[in-house]
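Please work out how this folds:
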Amino acid sequence: MKKGLILSLVLLLVVSIFIGCTKDTAQPVSEVNESKDVTTDVLVIGGGGAGLVSAITAAESGANVILVEKMPAVGGNTIISATGMTASDTRLHEEAGIPFTVQDHIDRTMKEGKDLPNLELVTVLAENSNAGLEWLESLGLEYKLNEKEPWWIVPVEGHYGSLMVDAYRKEAAKHSNLEIRVNTAAEELVVEDGKVVGAVVKGKEGQYTIKANAVILATGGLGNAPEVIAEYNSKYAGGTGTMSTAGPTGDGLKMATAIGAAVVDMEHHMMRPLATPGYWIRETVVGEEGIGGILVNKAAERFTSETQHRWDLVPEVAAQEGGVTYVIFDADVAATNNGAAAIRNARMVEADTIEELATKLGLDPAALETTVDAYNNGEDEFGRTSMGKVTTAPFYGVQAEVSSHFTMGGLAFNKDAQILDTNGNAIQGLYGVGEVLGGLYGAGRVAGNDTMGNVVFGKIAGTNAANQ
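Residues are numbered from 1 along each chain as shown. Okay, here's the model as predicted:
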């Protein structure tokens with residue numbers, strides 16, 4: 001886990017420096033840390049995409065807002081995401097003549113989540129997704145429709161996470177009633193007469209309390225809290241935070257449950273079995289029919305069927321020595337889109353022979369050659385649904401591990417973005433947005449619903465908190 005945390009923090013700081021140096025990048029109103037108790041209208045805890053949308057909206061509604069972020073810069077996991085999104089009945093669909101309706105959006109979300117998502121919440125998300133897209137475009141962000149997958153709206157160019165955060169920062173800087181305090185971690189919620197009225201926070205200069213009429217939790221998921229993930233589903237024990245920035249450690253979940261908040265769908269967590277720092281290798285590179293490569297452990301031996309679902313691969317990889325596996329494939333896989341992406345983004349090692357590849361990966365050359373020869377001869381004791389071969393040079397390999405990709409479960413909430421207690425009642429003064437929440441995804445997430453959810457429920461949370 002330490003390796004993942006360090007790599008994630010380095011990545012966050014590098015991207016943050018990049019954003020801070022871009023031309024005409026407006027800084028938020030105030031990025032300071034003070035040790036005295038303060039009072040505000042709305043306190044937002046967490047400065048990722050969800051928290052920034054909430055804070056901007058609350059400020060636009062006329063509230064005085066303080067946003068606290070425990071990391072040295074805002075951005076959260078949004079800053080490293082591709083930030084594609086799912087939206088329905090948009091201008092892009094109309095212009096392309098390719099329909100993807102609100103009902104299509106709802107149906108796809110419910111199907112992907114195996115009918116576990118909260119239908120009311122999913123409906124709110126779908127019905128407001130077009131307005132969410134239009135708001136993002138009003139900030140200067142540009143999108144296009146993936147016509148092969150009409151639910152999927154992607155940035156016109158670039159890896160948009162940093163650009164999205166930059167747009168949010170510029171928008172935040174327009175509001176003199178919005179203050180951002182980085183290096184400031186919330187430690188516990190303050191409750192008086194059954195109502196959340198603020199939080200105890202700790203900055204560089206010490207601990208103090210921020211009192212507020214309403215608090216919005218936007219602390220992200222469990223990307224760097226593998227012990228919490230394993231607590232709710234033991235088969236995911238052994239995961240790391242390789243694919244996450246350093247901030248998401250479950251703070252909001254812990255603070256809210258400590259005052260009686262309910263959680264939902266915590267047993268469902270999106271894990272990736274073949275993660276490398278900041279990137280997950282698509283499982284097709286070892287499972288594609290007829291050409292797929294193999295997975296081996298530190299003994300250079302296969303240990304499972306590479307063609308099973310990624311959810312089932314997760315515990316298999318986590319159970320290996322050191323919790324790692326090695327992805328091995330040849331030039332035929334390299335010629336596929338996912339193979340080429342893995343080589344590029346996962347920085348795979350290239351070699352002209354299997355022996356050379358083993359040496360570069362730190363594996364026993366004779367053992368890897370024996371394993372590859374057996375696979376090429378059709379030997380399989382694990383029940384692969386299709387066999388491939390690893391015969392065409394050059395050969396490629398890289399070490400990978402299980403990592404958290406997305407937290408689908410979280411705090412229970414309602415259509416007004418209020419956090420619910422274990423009796424299903426709204427906790428007064430407490431709102432939530434983003435990956436800290438559960439109920440939108442169930443057992444499976446439609447890609448892009450999370451980015452859109454940050455916007456839709458961020459605006460709902462910000463508006464309602466401002467009017468508290």
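
Check which element follows the helix or strand hosting V124 along the chain.
According to DSSP states H and E, V124 maps onto helix 119-127. The C-terminal neighbour of helix 119-127 among helices and strands, as given by DSSP H and E, is helix 129-138.

give me the number of residues near F100?
F100 sits with 23 neighbouring residues when counted by other CB atoms under 10 Å. The C-beta positions use only the backbone N, C-alpha and C, and glycine is treated the same way.

How about R347?
11.

Would you double-check that it falls in a strand?
No - with DSSP: H, G, I helix; E, B strand; the rest coil as the criterion, R347 is coil rather than part of a strand.

Helix, strand, or coil at the closest residue to it other than its chain neighbours?
Leaving out its chain neighbours, the residue that sits closest to R347 by CB to CB, 6 or more residues apart in numbering is V398, at 6.9 Å. Here V398 is strand, with the state taken from three-state DSSP.

Contact partners for V398?
For V398, the contacting residues are 276, 281, 326-327, 342, 346-349, 361, by CB atoms under 8 Å, 6 or more residues apart in numbering.

so how far is G290 from it?
Per CB to CB, to the nearest Å, V398 is found 22 Å from G290.

Same question for A275.
Applying CB to CB, the value for A275 to G290 is 25 Å.

In the stretch 151-300 of the chain, mark out all the helices, start to finish.
Assigned by DSSP state H, counting those that start in this stretch, the helices in the stretch 151-300 of the chain fall at 161-172, 226-232, 251-257, 284-287.

Which one of these lies nearest to G203?
Closest approach to G203 among those is made by helix 251-257 (14.8 Å; CB to CB).

Could you list the buried residues of the closest one?
Across helix 251-257, burial judged by 16 or more other CB atoms under 10 Å covers 251-253, 255-257.

again with stretch 38-57
For stretch 38-57, by 16+ other CB under 10 Å, it's 38, 40-57.

Output stretch 295-310 in PDB with nothing but the alpha carbons.
This file holds the C-alpha atoms of stretch 295-310, laid out as PDB (Å, rounded to 0.1, in the frame of the first residue of the first chain):
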ATOM      1  CA  LEU A 295      -0.700 -14.300 -16.000                       C
ATOM      2  CA  VAL A 296       2.100 -15.700 -13.900                       C
ATOM      3  CA  ASN A 297       3.100 -15.300 -10.300                       C
ATOM      4  CA  LYS A 298       6.600 -14.700  -8.800                       C
ATOM      5  CA  ALA A 299       7.400 -18.400  -9.400                       C
ATOM      6  CA  ALA A 300       6.700 -17.700 -13.100                       C
ATOM      7  CA  GLU A 301       3.800 -20.100 -13.000                       C
ATOM      8  CA  ARG A 302       0.200 -19.700 -14.100                       C
ATOM      9  CA  PHE A 303      -2.300 -19.800 -11.200                       C
ATOM     10  CA  THR A 304      -5.800 -19.200 -12.600                       C
ATOM     11  CA  SER A 305      -8.000 -18.900 -15.700                       C
ATOM     12  CA  GLU A 306      -7.200 -15.600 -17.300                       C
ATOM     13  CA  THR A 307     -10.600 -15.600 -19.100                       C
ATOM     14  CA  GLN A 308     -12.800 -15.400 -16.000                       C
ATOM     15  CA  HIS A 309     -14.500 -12.100 -15.100                       C
ATOM     16  CA  ARG A 310     -12.200  -9.400 -13.700                       C
END
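
rewinding a little: could you provide the helices of the stretch 151-300 of the chain in a markdown table, with additional columns for distance to G140 and mean pLDDT?
What follows is the helices of the stretch 151-300 of the chain, written out as a markdown table (distance: least, CB to CB, whole Å; pLDDT from 0 to 100):
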| stretch | distance to G140 | mean pLDDT |
| --- | --- | --- |
| helix 161-172 | 6 | 94 |
| helix 226-232 | 36 | 89 |
| helix 251-257 | 30 | 97 |
| helix 284-287 | 35 | 96 |
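
Output those as a markdown table; include the columns distance to I216.
Listed next are those as a markdown table, based on distance: least, CB to CB, whole Å:
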| stretch | distance to I216 |
| --- | --- |
| helix 161-172 | 14 |
| helix 226-232 | 21 |
| helix 251-257 | 10 |
| helix 284-287 | 39 |
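
Compare the ones you listed and give me the one nearest T219.
With CB to CB, the closest approach to T219 among the helices of the stretch 151-300 of the chain belongs to helix 251-257: 3.2 Å.

Reformat the contacts of V398 as CSV; add distance to L437 and pLDDT.
Formatted as CSV, these follow (distance: CB to CB, whole Å; pLDDT from 0 to 100):
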residue, distance to L437, pLDDT
T276, 28, 93
I281, 28, 95
Y326, 36, 98
V327, 33, 98
A342, 32, 96
A346, 31, 94
R347, 34, 95
M348, 36, 98
V349, 40, 98
L361, 40, 98
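
Pull out the buried residues from those residues.
Among the contacts of V398, those classed as buried by 16+ other CB under 10 Å are 276, 281, 326-327, 342, 346, 348-349, 361.

Same list (these) but as a markdown table, adding distance to T463.
A markdown table is the format used below for the buried ones among the contacts of V398 (distance: CB to CB, whole Å):
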| residue | distance to T463 |
| --- | --- |
| T276 | 40 |
| I281 | 41 |
| Y326 | 50 |
| V327 | 46 |
| A342 | 43 |
| A346 | 42 |
| M348 | 47 |
| V349 | 51 |
| L361 | 53 |
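
how close does the nearest residue to G220 once chain neighbours are set aside sit to I229?
Distance criterion CB to CB, 6+ apart; nearest residue to G220, sequence neighbours excluded, is P248 at 3.6 Å. Using CB to CB, we find P248 at a distance of 11 Å from I229.

what bits of this protein have low per-residue confidence?
Where the chain drops to pLDDT under 70, the residues are 1-35, 158-159.

per-domain residue ranges of it.
Structural domains assigned to the chain are 2-81+161-268+408-466, 271-404, following automatic domain parsing.

Pipe these into a markdown table and attach distance to I98 per row.
Shown next, in a markdown table, are these (distance: least, CB to CB, whole Å):
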| stretch | distance to I98 |
| --- | --- |
| domain 2-81+161-268+408-466 | 16 |
| domain 271-404 | 22 |
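
Return the most buried member of those domains.
Mean neighbour count, computed with mean count of other CB atoms under 10 Å, is highest for domain 2-81+161-268+408-466 among the domains of the chain, reaching a mean of 22.

Using PDB, write out every CA atom in stretch 262-276.
Taking Å, rounded to 0.1, in the frame of the first residue of the first chain, the C-alpha atoms of stretch 262-276 are listed here in PDB:
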ATOM      1  CA  ALA A 262     -26.300   4.500   7.200                       C
ATOM      2  CA  VAL A 263     -24.300   2.800   4.400                       C
ATOM      3  CA  VAL A 264     -25.500   0.900   1.300                       C
ATOM      4  CA  ASP A 265     -24.000  -1.500  -1.200                       C
ATOM      5  CA  MET A 266     -20.600  -1.600   0.600                       C
ATOM      6  CA  GLU A 267     -20.000  -5.200  -0.500                       C
ATOM      7  CA  HIS A 268     -19.900  -4.000  -4.100                       C
ATOM      8  CA  HIS A 269     -16.600  -2.400  -5.000                       C
ATOM      9  CA  MET A 270     -15.000  -2.000  -8.400                       C
ATOM     10  CA  MET A 271     -11.600  -3.500  -8.200                       C
ATOM     11  CA  ARG A 272      -9.100  -4.000 -11.000                       C
ATOM     12  CA  PRO A 273      -6.900  -7.100 -11.000                       C
ATOM     13  CA  LEU A 274      -4.200  -5.800 -13.300                       C
ATOM     14  CA  ALA A 275      -3.400  -2.300 -12.000                       C
ATOM     15  CA  THR A 276      -0.200  -0.500 -12.500                       C
END
